[in-house]
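Student: this is a predicted model, with the sequence first.
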Amino acid sequence: MQPKILGSLSLLRLRLAHSNYLRSKALPLKTTTLLPHAHPYSKMVSPLKRKAALTTSPKSKKAKVEIPEYHLAPSRRDSAGEIIWPAPLPQINRARDIITECAQSQLPTLILPDKDADGLSSGAILHHTLTSLGLSPALISVYFPPKGSSIFDNSTRATITAVSPSYIFVLDQGSRKSPAFLGDAPHKCLTLIIDHHFAAEGGFPDGADYVTAHDCPPVATSSLLTYHICQPLYQSPDDKLSWLAALGTHGDLGTTLKWQPPFPDMTSTFKTYSKKSINTAVALVNAPRRAPAYNVSAAWDVVLAATSPDVINQSTDLERAAGEVRYETERCTHTAPKFSADASIAVLTISSAAQVHPIIATRWAGHLKSDKLEIVMCANEGYLEGMVNFSCRVARGTRAKEGEEKVDIIRKLEGIVEGEGELRERLGDNFARGHREASGGIVKKEDWEELKRLMGIGENQRKKTEGGKKKESKPAQKNTLANYFVKA
């Protein structure tokens, strides 16, 4: 009988164990069950150690800044509702009359193109047009002011006087109110300015005719404006003009520009000359004016003689200059920015004999992000002895602003020195020049230091360093994993 008693006890124990097992299955889920994403060791953690659930959603990412396509800028219209582009028609017609008259006159002619791809392309388009109309190339002179100078300097006026031209064409140089370039000449001298930069009311040399694209958005480049003027006049069966217009336009407006109305249809041009070859040529043509040697004439000679962008791309002189520019750009581009007191301006200070400050300003303007940032400025203290050359670009995050909120660099710079009459006078005419979206200047070093003081450059960093309290170190955690089990 004893085995039967033992068997009954065993059966009883088995039933009790089964009952306990069922009760354990009925316990609340939160104390016994692992969540699908939980670590397998999380069952070992005491419920008292659990972290509180998140009550706020993660911070959402900022919306991507959508910059309108350049060609979509609202255009000016005349009383009949017709678009005024690329410049007022009376100005365009007057320019054509002067060019035709110049070619027929067979008199000395001086072309003053700017040194970049847009200016050089403009000059080449005009040169080809004049010669196609019959003007002898021997009667055409081209002049580039030396490094750090402008066409409005006395040295340039002396050169103009020595050439004694009957016609002067100023292309892509910007403009300002000034005496006539050849005011004391015993003979008649006609001056035509073809440009797209900002010019104040009446901001042209005395007696000069002008055609400007600045007030007719989307603002055309000087090369595109020159192309528009010259194309109907061009008397040669070859096509030397259209690819030059594309070269200069990509040089100023970038290589991703959409050639859609009101811009001309360049489909056939890009079938003949690839965008890749044109864009490669842009960098090469721009290189000599940026390189320390500043051999702009070398770029001009190549552009004028070229029958296609591929010819430009084979120039060893331009490639050598481009290599120097790439090296200097890489050397200087990692400079850390400092910010103005109101955080609206970022300033990068470099020292280079190469004109890389516009490139670096453009790069950082597309990189820096801040709600307050409006302008990125690169100041080059090594380009000209005793001077500071600076370039400004609109920060990417504010480019989409319109109306009163739209960033105007020229107005911003002038606002900084407002009420500082003596300083503004010392800064001179080379301060706040160019475009509203891409401006700059050349100022003396001592004036630059005063300008930085007015902007409050670096004040934010100093305040953080000097005024910030040293954080108190937190006491070491007493309830550690080691003593937790000891206490238990």
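Tutor: That came through, no problem. Numbering: from 1, shown residues only.
Student: give me the contacts around stretch 68-88.
Tutor: 211-213, 215-220, 224-225, 228, 253, 257-263, 400 (Cβ atoms under 8 Å, 6 or more residues apart in numbering). (Glycine included, C-beta is placed from N, CA and C.)
Student: at the geometric centre of the chain, which residue do we find?
Tutor: residue 362 (3.6 Å; Cα atoms, centre = their mean).
Student: and the pLDDT at it?
Tutor: With respect to pLDDT, residue 362 scores 96.
Student: so it: helix, strand or coil?
Tutor: helix (DSSP: H, G, I helix; E, B strand; the rest coil).
Student: that one is in contact with residue 395, isn't it?
Tutor: No - if you go by Cβ atoms under 8 Å, residue 362 and residue 395 don't touch, sitting 11.0 Å apart.
Student: contacts only, for the residue nearest to the centre of the chain.
Tutor: Counting by Cβ under 8 Å, 6+ apart, residue 362 has contacts 391, 393.
Student: against residue 254, how distant is it?
Tutor: Distance, residue 362 to residue 254, by Cβ to Cβ, to the nearest Å: 10 Å.
Student: which residue ranges make up the domains of this structure?
Tutor: 70-327, 333-467 (automatic domain parsing).
Student: select from those the stretch with the lowest mean pLDDT.
Tutor: domain 333-467 (a mean of 92).
Student: mind checking how far that domain is from the chain centre?
Tutor: Averaging C-alpha positions (Cα atoms, centre = their mean, to the nearest Å) puts domain 333-467 13 Å from its chain's average.
Student: please apply the same query to stretch 107-125.
Tutor: The answer for stretch 107-125 is 23 Å, by Cα atoms, centre = their mean.
Student: isn't residue 380 up against residue 390?
Tutor: Yes - using Cβ under 8 Å, residue 380 is in contact with residue 390, at 6.9 Å.
Student: okay, and the common contacts of these two?
Tutor: Applying Cβ under 8 Å, 6+ apart, one finds that residue 380 and residue 390 are jointly contacted by residue 357.
Student: who's in contact with the residue nearest to residue 444 when sequence neighbours are not counted?
Tutor: Leaving aside its chain neighbours, residue 444 sits nearest to residue 387 (6.1 Å; criterion: Cβ to Cβ, 6 or more residues apart in numbering). For residue 387, the contacting residues are 148, 442-445, by Cβ under 8 Å, 6+ apart.
Student: how much space separates residue 253 from residue 196?
Tutor: For residue 253 relative to residue 196 (Cβ to Cβ), the value is 10 Å.
Student: quick one: which of these two has more around it?
Tutor: The residue with more neighbours, out of residue 253 and residue 196, is residue 196; 26 against 18, by other Cβ atoms under 10 Å.
Student: the more buried one and residue 217 touch, don't they?
Tutor: No - with contact defined as Cβ under 8 Å, residue 196 does not reach residue 217; the gap is 10.6 Å.
Student: and the helices in the stretch 1-150 of the chain?
Tutor: In the stretch 1-150 of the chain, the helices defined using DSSP state H, counting those that start in this stretch lie at 2-25, 29-32, 89-105, 117-132.
Student: buried ones in the last one?
Tutor: Think helix 117-132. 117-132 (16 or more other Cβ atoms under 10 Å).
Student: with the third one instead?
Tutor: Of the residues in helix 89-105, those with enough neighbours to count as buried (16+ other Cβ under 10 Å) are 91-92, 94-96, 98-99, 102-103.
Student: now do it and helix 117-132, the angle between them.
Tutor: If you take axes from the mean of the first three to the mean of the last three Cα atoms, to 10 degrees, helix 89-105 sits at 50 degrees to helix 117-132.
Student: show me what helix 89-105 is packed up against.
Tutor: helix 117-132, strand 167-171, strand 190-195, strand 209-212, helix 222-230 (3 or more Cβ pairs under 8 Å, 6 or more residues apart in numbering; DSSP states H and E).
Student: what is the fourth one packed up against?
Tutor: For strand 209-212, the elements it packs on are helix 89-105, strand 190-195, judged by 3+ Cβ pairs under 8 Å, 6+ apart.
Student: what is the last one packed up against?
Tutor: Based on contacts counted as 3+ Cβ pairs under 8 Å, 6+ apart, the elements that strand 190-195 packs against are helix 89-105, strand 167-171, strand 209-212, helix 222-230.
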